[in-house]
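Chemist: Curious how this folds, go ahead:
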Amino acid sequence: MEHYKNGICSRQERIIITEQESGQRVDVVLASLLELSRSSMQKLLEEGYVIKDNKILKANYRVKIGDDIIVTMPELRFLDVQSENISLDVIYEDEDIIIINKPCGMVVHPAAGNYSGTLVNALLYHCQNLSGINGVMRPGIVHRLDKDTSGIMICAKNDVAHLILSEQIQNKTAMRSYLAVVFGNIKNDSGIIETQIARDKRDRKKMAVVTEGGRDAITGYDVLERYGRYTIVGCHLRTGRMHQIRVHMEYIGHPIVGDPKYSPMKTPFAIDGQALHSQKLSFLHPKTMKRMTFEAPLSVDMQKIFTRLRLGQFI
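Modeler: Numbering: from 1, shown residues only. Okay, the predicted model is just below:
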C-alpha cells in the first residue's frame, strides 16, 4: 500500500506480532522482519513512522502477541538516488525501452541497506530518461527480479511505455519464461501450479502458499531434462507474485537448487543464490505494437551446472 507523507511517496508494511517475537524490543523485531539495519529501524521509529493503535512507538517498546504494527517506509527523494557508472549487459535499446540481462547478485532498486550498486543506479547513469510511474526509487522498473535471479528484464524510458508494458503483463499478453534446476525427478512432464501466496506467518522474510487470504498465483512448468536427483525445468509465469517460482517449486516438493530461503537441501554445485534464470521475454512494443521476443544467455554459474549435469559430473 502506498501513501504520501510530506509529499514523498511511501509504502506501508503491516506486522502482526506472534509468540515467536513477543517480549523483544520493537526495533530489534522490525529490523529483522523487514530486513533493515537496526540503526535504520531506530531512525524510522524516531521520526514517527511506526505506530500501533494510532500511537507512535518508541524503540524500547516490548512487543506483545497480537500487536498490530504499521510501519511506513518512506521512499528516498529523487536527488538521493545517485547515478553510478555500472556496466550493463544491454540486449536491446531504443527511445522507449531498454532490455537488460541482469546478473545474479544485483539488486534491482535501492532500498534500506542497498542504496547503491543497484540496477536503478546503473540505469540512471546509462539513460537520459526513465519512466516515473513506480516512484523515485524505481524509475523505469516495470517488473523486478530477485537479487540472486539472473536474466532478462525490460525497463521503460517514459510513462506511456511503462503503462502499456504494465498492462501487457497484467493481461498476460507479455510472456516471461524462466529456466530452473530443481532437486528431485519431477513425476509429470508438465503441469500448472495454482495456489494463493502470502507472507509466511512463521518467517516474515519468506512467502508461502496459503489456503486463504493470499493472492492468486499461477505457474506453468515443463520438464526439459532429467538427471535423476536433479531436473531442469522451464517455468512460465501467469501471475507475478514475489518469489512465485521459488515458492511454487518448493510447494510441489522440488525446491530450486541453491535457494537460500526455500531449499533445505545442500547443493553440490558452486552457485551464488538460486539456480533460476529469466530466459525469455515476449511483448508488444509500446509504440509499434509489433511483437518482440528476446532471450538472455545463461549466467556463468548456470552454464556450469548444465555442463556438469550433462556430463554426469554431479554428486
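Chemist: Dead centre of the protein: give me the residue that sits there.
Modeler: Compute the mean C-alpha point of the chain, and by CA atoms, centre = their mean the closest residue is D146, 3.6 Å away.
Chemist: helix/strand/coil for that one?
Modeler: coil (DSSP: H, G, I helix; E, B strand; the rest coil).
Chemist: and the gap between the closest residue to it other than its chain neighbours and L179?
Modeler: Nearest non-adjacent residue to D146, counting by CB to CB, 6 or more residues apart in numbering: H243, 6.8 Å away. Glycine gets a C-beta too; all of them are placed from N, C-alpha and C. According to CB to CB, to the nearest Å, H243 stands 17 Å off from L179.
Chemist: Would you confirm that the residue nearest to D146 contacts P260?
Modeler: No: at 11.5 Å, H243 does not count as touching P260 under the criterion of CB atoms under 8 Å.
Chemist: neighbour count winner among those two?
Modeler: Counted by other CB atoms under 10 Å, H243 and P260 do not tie: H243 has more neighbours, with 20 against 10.
Chemist: Can you tell me what sits against the longest strand along the chain?
Modeler: Of all segments of type strand in the chain, defined using DSSP state E, the longest is strand 215-227. Outside strand 215-227, the residues within contact range by CB atoms under 8 Å, 6 or more residues apart in numbering are 179, 185-186, 188-198, 231-239, 241, 244-245, 247-249, 309-310, 312, 314.
Chemist: Direction included, what does that strand pair up with?
Modeler: Sheet pairing here is set by DSSP bridges, and for strand 215-227 it gives strand 190-199 (antiparallel), strand 230-237 (antiparallel).
Chemist: any idea how far the residue nearest to D259 when sequence neighbours are not counted is from Y251?
Modeler: Leaving aside its chain neighbours, D259 sits nearest to Q274 (3.9 Å; criterion: CB to CB, 6+ apart). According to CB to CB, Q274 and Y251 sit 15 Å apart.
Chemist: what does L237 give?
Modeler: For L237 relative to Y251 (CB to CB), the value is 15 Å.
Chemist: Have a look at the two and say which one is more surrounded.
Modeler: Between L237 and Y251, counted using other CB under 10 Å, the more crowded position is L237 (22 against 17).
Chemist: Give the burial count for the residue nearest to that one when sequence neighbours are not counted, as a bare number.
Modeler: Sequence neighbours aside, R176 is the residue nearest to L237 in space, at 4.8 Å (criterion: CB to CB, 6+ apart). By other CB under 10 Å, the residues close to R176 number 23.
Chemist: returning to that earlier point: just the buried residues of the contacts of strand 215-227.
Modeler: Buried subset of the contacts of strand 215-227 (neighbour count, 16 or more other CB atoms under 10 Å): 179, 186, 193, 195, 197-198, 231-238, 241, 244-245, 247-249, 309.
Chemist: Please identify the helix or strand for A180.
Modeler: strand 175-183 (DSSP states H and E).
Chemist: angle of that strand against strand 230-237?
Modeler: 160 degrees (axes from the mean of the first three to the mean of the last three CA atoms, to 10 degrees).
Chemist: Which elements pack onto strand 175-183?
Modeler: Packed against strand 175-183 by the contact rule (3 or more CB pairs under 8 Å, 6 or more residues apart in numbering; DSSP states H and E) you find strand 230-237, helix 244-251, strand 276-284, helix 300-310.
Chemist: L33 contacts K205, doesn't it?
Modeler: Yes: the criterion here is CB under 8 Å, and L33 meets it with K205 at 6.9 Å.
Chemist: the more surrounded of these two?
Modeler: Taking neighbours as other CB under 10 Å, L33 and K205 compare with L33 leading, 19 against 11.
Chemist: check contacts around the more buried one.
Modeler: Residues near L33 by CB under 8 Å, 6+ apart: 15, 21, 204-205.
Chemist: One more: A198?
Modeler: Taking CB under 8 Å, 6+ apart, we find A198 in contact with 207-208, 210, 213-215.
Chemist: quick one: which helix or strand includes A161?
Modeler: Using DSSP H and E, A161 falls in helix 159-171.
Chemist: again, but for Y125
Modeler: Using DSSP H and E, Y125 falls in helix 119-126.
Chemist: With just CA atoms, put that helix into CSV.
Modeler: Presented in CSV, the C-alpha positions along helix 119-126 are these (Å, rounded to 0.1, in the frame of the first residue of the first chain):
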residue,chain,number,x,y,z
LEU,A,119,20.2,-1.7,-11.5
VAL,A,120,18.4,1.6,-10.9
ASN,A,121,21.7,3.4,-10.1
ALA,A,122,23.1,1.9,-13.3
LEU,A,123,20.1,2.9,-15.4
LEU,A,124,20.2,6.5,-14.2
TYR,A,125,23.8,6.8,-15.5
HIS,A,126,23.0,5.0,-18.8
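Chemist: now that helix: mean pLDDT?
Modeler: Helix 119-126 shows a mean pLDDT of 91 in the predicted model.
Chemist: Work out the gap between it and the centre of the chain.
Modeler: Distance, stretch centre to chain centre, for helix 119-126: 18 Å (CA atoms, centre = their mean, to the nearest Å).
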